[in-house]
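1. here's a sequence, model it:
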Amino acid sequence: MTLGEKIRACRRKAGLTQEQLAEAVGVSRQAVTKWEQDQSAPGTAHLMALAQALSLPAGELLEPDAPAGDAPLKEALAILRAEEEKRRAARRQELKRRLGLTAGLIAGFLAVYLAGRLLWCREEGQSLLGMLFLSRPQGAGSYLFGWLTERRLYWLAIAVSAAGALAGKRRFALTAAAYSLAGLLLGMVLGPNPDAMPYEADHYGWAYWCGIFLAGLACGCWLERLAHRGAGAGKPAAVFWGGMAAAAVLVWLACR
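-> Prediction:
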């Protein structure tokens with residue numbers, strides 16, 4: 001099968017007309033006609049575009065046993081295979097980064113969870129299972145940690161951050177995790193309200209965590225958009241810290 005015959009067969013298999021293929025590759029319909037009739041051959045750049053438009057692995061359009069004297073085709077085949085190998089390596093590297101970030105975020109959340117259980121759930125004669133999962137947190141500063149774990153919101157924060165990391169949304173995942181842990185810390189420090197004002201509650205840690213975590217989700221989406229638009233390093237940092245500070249101040253004012 002010649003190169004032209006292969007282009008025609010692959011085009012028909014993909015359900016494309018010559019006009020549609022020409023538009024996808026960025027050439028005229030007449031050029032595609034000449035390629036399919038072997039009146040001319042596409043260059044290396046057009047071969048790459050053809051492979052992408054036809055959803056083929058790079059190099060499949062070219063016969064692996066091209067004639068020895070056909071140097072341009074052999075050179076194009078080598079370039080296509082090298083490009084395909086680069087893309088595969090990049091995909092493998094990206095997958096490793098995503099899995100590494102996901103594992104790191106989950107490990108960080110679990111470390112905080114374990115610290116909270118060791119601090120507020122240890123009882124004499126208690127089993128390890130009871131300490132890790134069954135006992136209710138007790139003691140000074142334990143309210144917000146217990147509230148989050150009992151209502152499964154802590155696990156929700158882990159799931160949201162991990163899902164963002166697996167989806168390749170690194171900034172969103174890191175922001176969601178940072179705001180969640182910051183909300184836990186600020187809620188523990190600023191949440192106690194002995195005077196039970198203004199909402200007749202003696203602890204507003206839940207309000208701090210919810211407000212800051214939701215702000216973190218919004219800021220994470222914004223940071224992803226800024227990254228997509230190629231914003232400089234200064235603006236994302238301002239969004240990150242400014243959003244956290246604004247959320248904490250707003251919750252504090254609402255709970256006064």
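2. between the two ends of stretch 124-132, how far is it?
-> Terminal residues of stretch 124-132 are spaced 14 Å apart (Cα to Cα, to the nearest Å).
3. so for it, mean pLDDT?
-> Taken as a whole, stretch 124-132 has a mean pLDDT of 78.
4. avg pLDDT for the top helix by length along the chain?
-> Longest helix in the chain, counting residues (DSSP state H): helix 71-120. Helix 71-120 carries an average pLDDT of 85.
5. for that helix, name the packing helices and strands.
-> Applying 3 or more Cβ pairs under 8 Å, 6 or more residues apart in numbering; DSSP states H and E, we find helix 71-120 packed against helix 44-53, helix 143-150, helix 153-166, helix 170-190. In this view, the C-beta of every residue, glycine as well, is placed from N, C-alpha and C.
6. could you list the buried residues of the helix or strand harbouring residue 250?
-> Residue 250 is located in helix 234-254, with elements delineated by DSSP states H and E. For helix 234-254, burial by neighbour count (16 or more other Cβ atoms under 10 Å) applies to 236, 239, 240, 243, 244, 247, 248, 251.
7. am I right that the third one is in contact with residue 223?
-> What that stands for is residue 240. Yes - applying Cβ atoms under 8 Å, one finds residue 240 in contact with residue 223, separated by 6.8 Å.
8. need the residues touching each of these two.
-> residue 175 (Cβ atoms under 8 Å, 6 or more residues apart in numbering).
9. ok, residue 190 to residue 184 distance?
-> Taking Cβ to Cβ, to the nearest Å as the measure, residue 190 falls 11 Å from residue 184.
10. please identify which of these two sits among more neighbours.
-> residue 184 (23 against 16; other Cβ atoms under 10 Å).
11. low-confidence ranges, the stretch 151-256 of the chain, go.
-> Applying pLDDT under 70 to the stretch 151-256 of the chain flags residues 193-202, 231-234, 252, 254-256.
12. redo that, cut-off 90
-> Filtered on pLDDT under 90, the stretch 151-256 of the chain yields the residue ranges 186, 189-208, 222-256.
13. now stretch 163-180: how far from the chain's centre is it?
-> 7 Å (Cα atoms, centre = their mean, to the nearest Å).
14. identify each buried residue in that stretch, please.
-> 164-165, 169-180.
15. quick check, nearest of those to residue 25?
-> Checking the buried residues of stretch 163-180 against residue 25 by Cβ to Cβ gives residue 169 as the nearest, at 31.6 Å.
16. right, and the closest one touches residue 224 too?
-> Yes - with contact defined as Cβ under 8 Å, residue 169 and residue 224 form a contacting pair (5.5 Å).
17. about what we covered before: figure out how far the longest helix of the chain is from the centre of its chain.
-> On Cα atoms, centre = their mean, the centre of helix 71-120 falls 11 Å from the chain's centre.
18. and for stretch 185-192?
-> 30 Å.
19. that one: which residues count as buried?
-> Judged by neighbour count (16+ other Cβ under 10 Å), stretch 185-192 contains these buried residues: 185, 186, 187, 188, 190, 191, 192.
20. what's it in contact with?
-> 141, 143-145, 202-209, 212, 248, 252.
21. redo that, cut-off 10 Å
-> 112, 116, 140-145, 147-148, 184, 201-213, 244, 247-248, 251-252, 255 (Cβ atoms under 10 Å, 6 or more residues apart in numbering).
22. and what of stretch 241-253?
-> Counting by Cβ under 10 Å, 6+ apart, 175, 178-179, 182-183, 186-187, 190-191, 204, 207-216, 218-220, 222-223 sit against stretch 241-253.
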